[in-house]
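In: the following comprises the amino acid sequence and a computationally predicted model.
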Amino acid sequence: MSPTNYFEGQHNTDITNALNQVLADMLVLHMKLNAFHWNVEGPHFKPLHELFEEQYTEIRPAMDNIAERARALRVYAITDMASALKTSKISETTQVPSAEDMVQILHDDHLTLVDSLRKGVAVAEKAEDVSTADMCTALVTVHEKAAWLLKSHLVGAA
């Protein structure tokens, strides 16, 4: 296996599909974090408003890195929200949920993204693409922490 085999053929297709899956999930999650940041209400407004902002701010450069990695592998990154919504495993929220429901939804969405990232790691490792595997592995840690921070806001969270 040559060290650059992931630039061509099925490996490239598998890796770039995984990257675009991650990017789609991130785009939908980013939009949801923004919307919840703008619309959260209740006695925990300030800490949730700030937490949602921290998370959408942190995800933005990661999306850029994922998209640029896809481009480095000679594939176009997702270019529109319709494609992101069609591809993403994270669904959009069209109503404004309660603050507690926002927290639960975002917690679950981060874990969905973690699942996509882990699949990206597996695909990249199979192709010996250490760059993509490393990028996705680092993001697993970020989104597991984000899920934990959100879970900690829920009543009765363990």
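Out: Structure's in. What do you need?
In: all contacts plus neighbour counts: C-alpha atoms, from now on.
Out: Will do.
In: how about the strands in the chain?
Out: Counting by DSSP state E, the chain forms no strands at all.
In: in it, what spans have low per-residue confidence?
Out: 1-6, 155-158 (pLDDT under 70).
In: what's the closest non-adjacent residue to the residue nearest to the spatial centre of it?
Out: Central residue of the chain (C-alpha atoms, centre = their mean): residue 26, 3.4 Å from the mean position. Spatial nearest neighbour of residue 26, chain neighbours left out: residue 63 (6.5 Å); criterion: C-alpha to C-alpha, 6 or more residues apart in numbering.
In: may I see the buried residues of the longest helix seen in the chain?
Out: Assignment by DSSP state H gives helix 9-39 as the longest helix of the chain. Under the neighbour-count criterion of 16 or more other C-alpha atoms under 10 Å, helix 9-39 has 11-12, 14-30, 32-37 buried.
In: ok, residue 31 to residue 9 distance?
Out: 33 Å (C-alpha to C-alpha, to the nearest Å).
In: over to residue 71?
Out: Residue 71 is 15 Å from residue 9, by C-alpha to C-alpha.
In: next one: residue 40
Out: 46 Å.
In: chain center to stretch 76-93, what's the gap?
Out: Relative to its parent chain, stretch 76-93 has a centroid offset of 11 Å by C-alpha atoms, centre = their mean, to the nearest Å.
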